[in-house]
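In: sequence and predicted structure, then a few things I'm wondering about:
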Amino acid sequence: MEALQIVSNRSESDVPALMQVLGREAKASAHLVSLASTETKNHALRVAAETLRARSQDLLAANTKDVANAKAAGVTAAFLDRLVLDEKRIEAVAAGLEAVAALPDPVGRLLAHYERPNGLRIERVATPLGVVGIIYESRPAVTADAGALCLKSGNAAILRGGSDSFHSTEIIHACLIAGLRAAGLPEAAISLVPTRDRAAVGEMLKGLDGAIDVIVPRGGKSLVARVQAEARVPVFAHLEGVNHIFVHRAADPDKAMAIVRNAKLRRPGVCGAAEILLVDKAAADQMLTPLVRMLLEAGCAVRGDAATQAVDPRVTAATEADWRTEYLDTVMAVGVIEDLDTAIAHVETHGSHHTDCIITEDAEAARRFLAEVDSAIVIHNASTQFADGGEFGFGAEIGIATGRMHARGPVGLEQLTSFKYRVHGDGQIRP
């Protein structure tokens, strides 16, 4: 394995060479990881979790540096929420590693089998993708989630975290490396790009001379747009979460209040946070005022249409852009809409196909919304903040894929595999 003399101030001219080495080593390790036993991979993840707990104070100290730098840069409160780690969140990251270890191994899973009239027996089995490049911003916990999921699914990973979480990411990555060492797996199986230079992202998007098999971006709109525009390898696009809640005329008012509050305010900075609230015209007299005032009194700014502005003078006028915006903050656009058909059309026109919700006790209305809204996740009578791989039972996720090819919704173990066909014969030849 080539030695890398890595320093934080490496000049931009060195970045292509640095990334080529990372790519070659990851590619070589991918074959070994694809053949690793389930117990070997699980051992690595369990040791990583133990190491993370043991180094929690180191991680908190590193995170304090990142948070201080972010505050000095004047980032939003929602951004800080995504960046900050505490003892509870560190324990959640460690538990997430153990949860992935406890999941069934997807590699080699028999997906289908059948026999042809000529006696050929054909099997379709799950296989790793190869080398997965993950480019992400602000969330240091993604380092653990992505590394764990790639390892358990038999893939090698090249991780490029955001400069804002640089110190935190280094500590978490070191814990993953400790796990790999303990299990006898190559350290390059989970590689961390060791420079903040943005040129490294460009090199990853080129594919590192065929080393990277797929790119997963997880971050803001500008990052995802750049990845989609420049990538020369397949992309699992994690687009912005312009997520809607539609309060139907048959909604239970208590459920509506609880769901809207949680979906918007539990953690406004996560991609599953609701951004647009649509209220059925037939329910507006009963539900619009309580919902708007609940949001305002909880400290959430409301931008509304004329009907919503009439509820409270603190509501400001919504612009056309507000119906298409992922705020990731305590801001919500609220409007009154004619009916279910109009709501479905609104979501299709203004949404990002991430996560959308209907609140109703009408089974037929719920059925139509779930069938006709073409989003990766469609929810009936529950918070949009359940748009999370852990909540889906995936242990963790790399992101929420909003495209329609291969992976859609939370990208977990199953989505990080492809398949191959195994054909068993007994001397058959084709006439």
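Out: Ah, there it is. Residues are numbered from 1 along each chain as shown.
In: where does residue 404 land on pLDDT?
Out: pLDDT, residue 404: 74.
In: ok, it - contacts?
Out: With Cβ atoms under 8 Å, 6 or more residues apart in numbering as the criterion, no residue contacts residue 404. All C-beta spots, glycine's among them, are computed from the backbone N, C-alpha and C.
In: for the longest helix belonging to the chain, the distance to its chain's centre please.
Out: Counting by DSSP state H, the longest helix found in the chain is helix 15-34. Between the centre of helix 15-34 and the centre of its chain there are 24 Å (Cα atoms, centre = their mean, to the nearest Å).
In: list of residues touching that helix?
Out: So helix 15-34 is contacted by 1-2, 4, 6, 10, 41, 107, 127-128, 130-131, 151, 154-158, 185-189, 191, 193-195, 197, 199-200, 203-204, 208-212 (Cβ under 8 Å, 6+ apart).
In: can you show me the helices along the stretch 301-431 of the chain?
Out: Here the stretch 301-431 of the chain has its helices, by DSSP state H, counting those that start in this stretch, at 306-309, 340-350, 363-372.
In: check which residues of the first one are buried.
Out: Translated: helix 306-309. Under the neighbour-count criterion of 16 or more other Cβ atoms under 10 Å, helix 306-309 has 307-309 buried.
In: likewise the longest one?
Out: Taking 16+ other Cβ under 10 Å as the basis for neighbour counts, the residues of helix 340-350 that come out buried are 340, 343-344, 346-347, 350.
In: now the residues you listed in CSV, with pLDDT and distance to residue 273?
Out: Putting the buried residues of helix 340-350 into CSV (pLDDT from 0 to 100; distance: Cβ to Cβ, whole Å) gives the following:
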residue, pLDDT, distance to residue 273
340, 98, 23
343, 98, 19
344, 98, 21
346, 97, 18
347, 97, 16
350, 95, 16
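In: and residue 143, what does it touch?
Out: Going by Cβ under 8 Å, 6+ apart, residue 143 touches 159, 161, 169, 172-173, 176, 192.
In: so for the closest residue to residue 322 other than its chain neighbours, what's the pLDDT?
Out: Sequence neighbours aside, residue 333 is the residue nearest to residue 322 in space, at 4.2 Å (criterion: Cβ to Cβ, 6 or more residues apart in numbering). We have a pLDDT of 98 for residue 333.
In: what about the closest residue to residue 95 other than its chain neighbours, how many residues nearby?
Out: Spatially, and ignoring its direct neighbours in sequence, residue 95 is nearest to residue 49 (7.4 Å; Cβ to Cβ, 6+ apart). For residue 49, the neighbour count with other Cβ atoms under 10 Å is 25.
In: wait, is residue 49 part of a helix?
Out: Yes - judged by DSSP: H, G, I helix; E, B strand; the rest coil, residue 49 forms part of a helix.
In: roughly how far does it sit from residue 38?
Out: 17 Å (Cβ to Cβ, to the nearest Å).
In: and for residue 336?
Out: Counting by Cβ to Cβ, the gap from residue 336 to residue 38 is 53 Å.
In: do residue 314 as well
Out: From residue 314 to residue 38 the distance is 56 Å (Cβ to Cβ).
In: what does residue 129 give?
Out: Residue 129 is 18 Å from residue 38, by Cβ to Cβ.
In: these two: who's more crowded?
Out: Neighbour tally, residue 129 and residue 38, criterion other Cβ under 10 Å: the higher count belongs to residue 129, 23 against 14.
In: ok, that one - contacts?
Out: Residue 129 neighbours (Cβ under 8 Å, 6+ apart): 153, 155, 213-214, 416-418.
In: how about residue 282?
Out: 249, 339.
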